[in-house]
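Enquirer: only geometry, no sequence info:
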C-alpha cells in the first residue's frame with residue numbers, strides 16, 4: 001500500500017544502514033543495534049531540513065557507522081540539512097561547522113573545531129634513529145625540546161615549522177611519525193582547565 005517513492009526511500013536508507021534484509025522482520029526480533037538503525041531510518045525518511053541526532057552511532061557496528069556518516073555528509077551538502085548532533089565520539093565532530101563542549105551543564109567552549117583546537121598549535125613528532133646520541137644532540141642544537149621513550153624521541157613542534165625541522169635533520173632516521181592535535185586532545189585540555197578553575201574558586 002506504500003507509494004513507490006516511499007518504498008524506494010525506505011529501501012535506500014535500510015541498505016545504507018545494513019538492515020535491508022531484515023527490514024520487514026518483526027521488531028521484537030531486532031537487536032538493540034538494529035532498533036537504533038531503524039530509528040535513524042525513520043528520522044531521515046522525510047528529508048527534514050533540520051535534523052536532531054542524539055548519539056546516533058551508539059551501538060552501531062563500524063561499517064554501519066561509516067556508511068551513516070558518509071550519507072549524512074551528502075545530506076548536509078546536497079540537501080542543505082542542518083544537523084544538530086550530540087556525541088561522545090569527538091572524531092565525529094571534526095567536520096562540524098560549530099561545536100559546543102558542555103561540562104556539568106555549563107558551556108565551557110564554543111566555536112569551530114579549528115578554533116577549539118586553536119591553542120594546540122603544536123604537533124607531536126616521533127623520531128628514532130640507529131644513531132640516537134647524534135639525533136639527540138642535533139635536536140638540542142636546534143633548541144627543540146623532546147622526551148625520550150625507549151628508542152623514540154618525542155618532540156612538540158609548531159605546525160608551521162615541522163617541514164623545515166624534518167628537512168634540516170642530517171642524522172639518518174629509522175622512524176618519523178606525526179600526531180596532529182585532535183578534538184580529543186582539545187577536550188582533555190579544556191576539561192582540565194575547567195576543573196583547575198573550579199578548584200581555585202572552592
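Expert: It's in. These figures come from a predicted structure and were not determined experimentally.
Enquirer: Endpoints of stretch 113-131, how far apart?
Expert: Terminal residues of stretch 113-131 are spaced 39 Å apart (Cα to Cα, to the nearest Å).
Enquirer: Now find how far off-centre it is within its chain.
Expert: 16 Å (Cα atoms, centre = their mean, to the nearest Å).
Enquirer: again, but for stretch 99-111
Expert: In this view, stretch 99-111 has its centroid 17 Å away from the chain centroid, taken as Cα atoms, centre = their mean.
Enquirer: could you pull out the helices for the protein?
Expert: Using DSSP state H, the helices of the chain run over 4-16, 32-44, 62-78, 113-116, 132-141, 162-168, 183-201.
Enquirer: which of the ones you listed has the lowest average pLDDT?
Expert: Sorting the helices of the chain by mean pLDDT places helix 183-201 lowest, at a mean of 74.
Enquirer: Which residue ranges make up the domains of this structure?
Expert: For the chain, the domain assignment from automatic domain parsing gives the residue ranges 4-88, 122-179.
Enquirer: Pick out the residue nearest the middle of the protein.
Expert: Geometric centre of the chain, nearest residue: residue 91, 0.9 Å, by Cα atoms, centre = their mean.
Enquirer: Report how many residues lie close to residue 72.
Expert: Counted by other Cβ atoms under 10 Å, the residues lying close to residue 72 total 22. (Each C-beta comes from the backbone N, C-alpha and C, glycine too.)
Enquirer: Check the spacing between it and residue 176 real quick.
Expert: According to Cβ to Cβ, to the nearest Å, residue 72 and residue 176 sit 35 Å apart.
Enquirer: Residue 23 now?
Expert: From residue 23 to residue 176 the distance is 48 Å (Cβ to Cβ).
Enquirer: again, but for residue 74
Expert: 36 Å.
Enquirer: ok, now residue 43?
Expert: 44 Å.
Enquirer: of residue 23 and residue 176, who's got more company?
Expert: residue 23 (17 against 12).
Enquirer: Excluding chain neighbours, what is closest to that one?
Expert: Once flanking residues are discounted, residue 23 sits nearest to residue 14: 4.7 Å by Cβ to Cβ, 6 or more residues apart in numbering.
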